[in-house]
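Novice: Pasting the sequence and the predicted model now:
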Amino acid sequence: MELSDLSQNTEHEAIPSSSPTSDTDADDGSKRHDLRYLSPARDGAATPPPVSPYTRYLMLAAGTASLGGILFGYDLGIVSAALIQLKCEYNLSDLQREWVVSSVLVGALVASLTGGFLIDGCGRRRVILFNSCIFVVGAILLTAAPSLAVLIIGRLVVGFAISLAAIGETVYIAEIAPADKRGRLVTLNELGIVLGFLLAYCMGYAFVHVDNGWRYMFGLSAIPAIMQLLGRLVLPSSPRYLIMAGKLTEAKQCLRLLRGYADVDAEVSEIASSLAAEKIVKLRDLLRCAGSAGRRLLIGGGLVFLQQMTGQPTILYYAPAIFHSLGFSTRGQATLASLILGGVKFICACIALKLLDSVGRRRLLLFGVSAMVLFMLLMSAVIAPDIEPPPAASCNLTAAAESNTSNLTSHANSLTGSRKWFSLLGLVGYIAGYQFSFGPCTWIVLTEIYPSQLRGRAVALATSLNWAANLLISAVFLHLKSAFGLSGLFASYTAVCFISVLFIFFFVPETKNKSLEDISHALSVGSFKNPKERWKQLRSSLQSPCRKRVTFARLDESYSDSND
């Protein structure tokens, strides 16, 4: 059945008492689902409430998918603490430490180039479950690694799984969520990533003084992967994917379970109509920037590239090394300071979760990235250009060796006193700004701006740029730190953050409380404001006779987002 036929015939479908909901066939165990907790029918059919509820099934599905976010954050964050021991275990040079960090990004880049085809071809649900198995295999390789070579192979495998999780889970959650709750639900995945980082820093602090503690750090990542694998019992398919596959009856059953009411014909018809209109859009159109595809590619590619070039990921990867350079000299001090960053990320992610659907993606991006500019300026001012790290802490894990800190903390060129704590404050504020802006908003916008039929491949394309930029800055971070110092690096990050504010202001539209179909239509017909209109209204605001004080929030209101 063609998509155009689906949009016209949904009202003629009988409501089944039970039907499969998997991406493939009934053997996925979908017959376990029923309609026991749907709203009671009124005049033969349930009337959907004006605002879609947070149903138990919707939250279970989104929460289970978000376990991949925990794995994402944990496997990226744990390397910062593990490097402290691995440096001693394998006598690693700066180049080898960069290999250990960057190998996971190489695996992620490979997955981003192929993962979109898997997601669009095999289905979101199946890929998420398959990816859980990859995480388990990677955890086993890392835990049992007898050599540096095997360790790097394990990091490559985990990197592949991380990237597949970043693509598959955000697309999946966006497609099962109601329009008015999509921001919060997609941010559950970001919250999982942040929680994963926090857990990684906690485990790093717990095992940094334990012999072979790095093996325990890596091995613990298998636990959430196994939990997600078991989550197949509560993980439905994406209704949009089922409609694309021509499985209309199964798509309706999924929507009834997710929405909590039986009358989903209008939503199914809207999805089918949108898919029929989007059928002519191909991936090559994005690459050629044909029609509205050019703006979609610019928005998605610009956001992922700039979020990496702000330097936030490398600060997390090398957090203990950075804090060591700032005067937090012992393993315990540097790891504890990293744990503070993880705690701040988690708290800010929880706050952002409450604001995304009320304040909006665009305003949070403007506010958060502007804060990043200010705190990076503070960092650049506090850190002396010629700062050098204090002598490295001993590889000896005994308490006696760790207590010998007097020589370390008295090093002439390390930050001391108030400057050290101001540097910590700057990093905390910078991380908080990122977590209100790029952290949650980038991935939400990515899942919203692309047509449904190539959403997986389009998000994968943007993710490829994300991991390529991440690999670039992570692979050379220690060398650039040695060449230009932390002050020079932070000054460059400040410049990138400022460019990001301009990019967001002129190019990124507001998508809150709009259905995926409405967003796609607005981008196709060009009803979102373009950069020329924004510039014209910006000049008008700045040249107004009253000379009112201009803020990002007020500017954003003046350009507003009734159409944006």
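Specialist: That came in fine, so what should we check first?

Novice: Flag the shaky bits of this protein, pLDDT-wise.
Specialist: 1-53, 233-234, 277-292, 329-331, 384-417, 453, 527, 541, 543-564 (pLDDT under 70).

Novice: All the helices of the stretch 351-500 of the chain, residue numbers only.
Specialist: Secondary structure of the stretch 351-500 of the chain (DSSP state H, counting those that start in this stretch): helices at 361-382, 399-403, 406-409, 417-436, 438-449, 455-475, 477-507.

Novice: I misspoke; the intended subject was the stretch 151-300 of the chain.
Specialist: Counting by DSSP H, counting those that start in this stretch, the stretch 151-300 of the chain has helices at residues 182-207, 213-219, 222-230, 239-244, 248-259, 265-278, 283-288, 293-309.

Novice: Nearest to Ile449, out of the ones you listed?
Specialist: helix 293-309 (5.0 Å; Cβ to Cβ). From N, CA and C alone the C-beta is placed, and that goes for glycine too.

Novice: which secondary structure elements does the helix or strand just after that closest one contact?
Specialist: Later in the chain than helix 293-309, the nearest helix or strand by DSSP states H and E is helix 312-317. For helix 312-317, the helices and strands in contact under the criterion 3 or more Cβ pairs under 8 Å, 6 or more residues apart in numbering; DSSP states H and E are helix 56-89, helix 417-436, helix 455-475.

Novice: 6 Å instead, please
Specialist: Helix 312-317 sits against helix 455-475, with contacts defined as 3 or more Cβ pairs under 6 Å, 6 or more residues apart in numbering; DSSP states H and E.

Novice: buried residues in the helix it packs on?
Specialist: Residues 455-471, 473-475 are the ones in helix 455-475 that count as buried (16 or more other Cβ atoms under 10 Å).

Novice: what does it rub up against?
Specialist: 98, 101-102, 105, 108-109, 112-113, 115-116, 119-120, 166-167, 171, 283, 286, 300-301, 304-305, 308-309, 313-314, 317, 446, 450 (Cβ atoms under 6 Å, 6 or more residues apart in numbering).

Novice: Select only the buried ones of those in PyMOL?
Specialist: Selection of the buried residues among the contacts of helix 455-475 in PyMOL, burial being defined by 16+ other Cβ under 10 Å:
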select buried, resi 98+101+102+105+108+109+112+113+115+116+119+120+166+167+171+283+286+300+301+304+305+308+309+313+314+317+446+450
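
Novice: mind listing what Ala349 touches?
Specialist: Contact partners of Ala349, counting by Cβ under 6 Å, 6+ apart, are 191, 194, 435.

Novice: The first one: neighbour count?
Specialist: Read that as Leu191. Neighbourhood size, Leu191 [other Cβ atoms under 10 Å]: 24.

Novice: quick one: it from Thr314, how far?
Specialist: 22 Å (Cβ to Cβ, to the nearest Å).

Novice: ok, now the last one?
Specialist: Distance of Gln435 to Thr314, computed by Cβ to Cβ: 16 Å.

Novice: do the same with Val100
Specialist: Distance of Val100 to Thr314, computed by Cβ to Cβ: 14 Å.

Novice: Contact partners for Arg215?
Specialist: Arg215 neighbours (Cβ under 6 Å, 6+ apart): Thr143.

Novice: Ok, the one 4 residues further on next?
Specialist: Contacts here follow Cβ under 6 Å, 6+ apart; on that basis Gly219 touches 139, 143.

Novice: ranking the helices of the stretch 351-500 of the chain by burial, who's on top?
Specialist: helix 438-449 (a mean of 27; mean count of other Cβ atoms under 10 Å).

Novice: between that one and helix 477-507, how big is the angle?
Specialist: In terms of direction (axes from the mean of the first three to the mean of the last three Cα atoms, to 10 degrees), helix 438-449 departs from helix 477-507 by 50 degrees.

Novice: need the contact list for the nearest residue to Ala62 once chain neighbours are set aside.
Specialist: Of all residues not flanking Ala62 in the chain, Leu185 sits nearest, at 4.8 Å (Cβ to Cβ, 6 or more residues apart in numbering). Listed by Cβ under 6 Å, 6+ apart, the contact set of Leu185 reads 62, 173, 177.

Novice: Just put the helices of the stretch 351-500 of the chain in TSV and tack on distance to Thr55.
Specialist: Shown next, in TSV, are these (distance: least, Cβ to Cβ, whole Å):
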stretch	distance to Thr55
helix 361-382	24
helix 399-403	51
helix 406-409	55
helix 417-436	28
helix 438-449	20
helix 455-475	23
helix 477-507	33
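
Novice: So which of the ones you listed is nearest Ile153?
Specialist: Among these, helix 455-475 sits nearest to Ile153 (Cβ to Cβ), with 16.9 Å.

Novice: Pull the closest one out as PDB, backbone CA atoms only.
Specialist: The C-alpha trace of helix 455-475 is given here as PDB (Å, rounded to 0.1, in the frame of the first residue of the first chain):
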ATOM      1  CA  ARG A 455      15.800  10.800   9.300                       C
ATOM      2  CA  GLY A 456      18.100   8.000  10.300                       C
ATOM      3  CA  ARG A 457      20.500   8.600   7.500                       C
ATOM      4  CA  ALA A 458      20.400  12.300   7.800                       C
ATOM      5  CA  VAL A 459      21.000  12.300  11.500                       C
ATOM      6  CA  ALA A 460      23.800   9.800  10.900                       C
ATOM      7  CA  LEU A 461      25.400  12.200   8.400                       C
ATOM      8  CA  ALA A 462      25.300  15.000  10.900                       C
ATOM      9  CA  THR A 463      26.600  12.600  13.500                       C
ATOM     10  CA  SER A 464      29.500  11.800  11.200                       C
ATOM     11  CA  LEU A 465      30.500  15.400  11.200                       C
ATOM     12  CA  ASN A 466      30.100  15.400  15.000                       C
ATOM     13  CA  TRP A 467      32.500  12.600  15.500                       C
ATOM     14  CA  ALA A 468      35.000  13.800  12.900                       C
ATOM     15  CA  ALA A 469      35.200  17.200  14.700                       C
ATOM     16  CA  ASN A 470      35.400  15.400  18.000                       C
ATOM     17  CA  LEU A 471      38.200  13.200  16.800                       C
ATOM     18  CA  LEU A 472      40.100  16.100  15.400                       C
ATOM     19  CA  ILE A 473      40.200  18.200  18.600                       C
ATOM     20  CA  SER A 474      40.700  15.200  20.900                       C
ATOM     21  CA  ALA A 475      43.500  13.600  18.900                       C
END
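
Novice: Just checking the distance from it to the centre of its chain.
Specialist: 12 Å (Cα atoms, centre = their mean, to the nearest Å).

Novice: Could you do stretch 500-519 as well?
Specialist: Centre-to-centre, stretch 500-519 and its host chain are 17 Å apart (Cα atoms, centre = their mean).

Novice: re the thing from before, which among the contacts of Ala349 gets closest to Leu141?
Specialist: Nearest to Leu141, judged by Cβ to Cβ, of the contacts of Ala349 is Val194 at 25.5 Å.

Novice: so how many other residues sit close to that closest one?
Specialist: Applying other Cβ under 10 Å, we find 30 other residues in the vicinity of Val194.

Novice: same deal with the one 4 residues further on?
Specialist: Under the neighbour criterion other Cβ under 10 Å, Leu198 is assigned a count of 23.

Novice: Quick check, it in contact with Cys348.
Specialist: No: if you go by Cβ atoms under 6 Å, Leu198 and Cys348 don't touch, sitting 11.4 Å apart.

Novice: Name the residues contacting each of these two.
Specialist: Common contacts of Leu198 and Cys348 (Cβ under 6 Å, 6+ apart): none found.

Novice: just to revisit the earlier point, now distance to Arg361 too, for the helices of the stretch 151-300 of the chain, in TSV please.
Specialist: Below are the helices of the stretch 151-300 of the chain laid out as TSV (distance: least, Cβ to Cβ, whole Å):
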stretch	distance to Arg361
helix 182-207	7
helix 213-219	34
helix 222-230	27
helix 239-244	21
helix 248-259	23
helix 265-278	20
helix 283-288	21
helix 293-309	10
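
Novice: Any idea how far apart the tips of stretch 503-517 sit?
Specialist: End-to-end distance for stretch 503-517, by Cα to Cα, to the nearest Å: 25 Å.
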